[in-house]
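> model the following, please.
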Amino acid sequence: MEEVQIGKVYRHFKGNYYFIEDIALDSETKERMVIYKPLYERQDAKIWVRREKMFLEQLPQRPDNITGQKLRFELCEELSKDYTQKIN
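Residues are numbered from 1 along each chain as shown. Model (predicted):
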């Protein structure tokens, strides 16, 4: 399984974007947990946590998969680039 990249933007299969804050370990199981925040306004929460295994799981056929993604969350390379870096 691939690991989630800290500091990058991922798209959920329903179309919203999330920024990866960090990776934590569950204190009991030592399982990797993804700490992420939505890049849009939400009333219910500002920070979310999900098991990395579930974050990167493959999706079955779903009618609400508006992006056509194969995974629950996919890295958005075009939104994860640092355009402030100088090119030499």
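> give me the buried positions along stretch 16-35.
Along stretch 16-35, these residues count as buried under the neighbour rule (16 or more other CB atoms under 10 Å): 18, 19, 20, 32, 33, 34, 35. No exception for glycine: its C-beta is placed from N, CA and C like everyone else's.
> need phi/psi at residue 4.
phi -70, psi 140 (degrees, to the nearest 10).
> my read: it touches residue 23, true?
Yes - applying CB atoms under 8 Å as the test, residue 4 and residue 23 come out as touching, 6.6 Å apart.
> joint contacts of these two?
Here residue 4 and residue 23 share the contacting residues 32, 34, 52, scored by CB atoms under 8 Å, 6 or more residues apart in numbering.
> could you look up the SS state of the second one?
Spelled out, it's residue 34. With DSSP: H, G, I helix; E, B strand; the rest coil as the basis, the three-state label of residue 34 is strand.
> what pairs with it across the strands?
For residue 34, the beta-bridge partners are residue 23, residue 50 (DSSP bridges).
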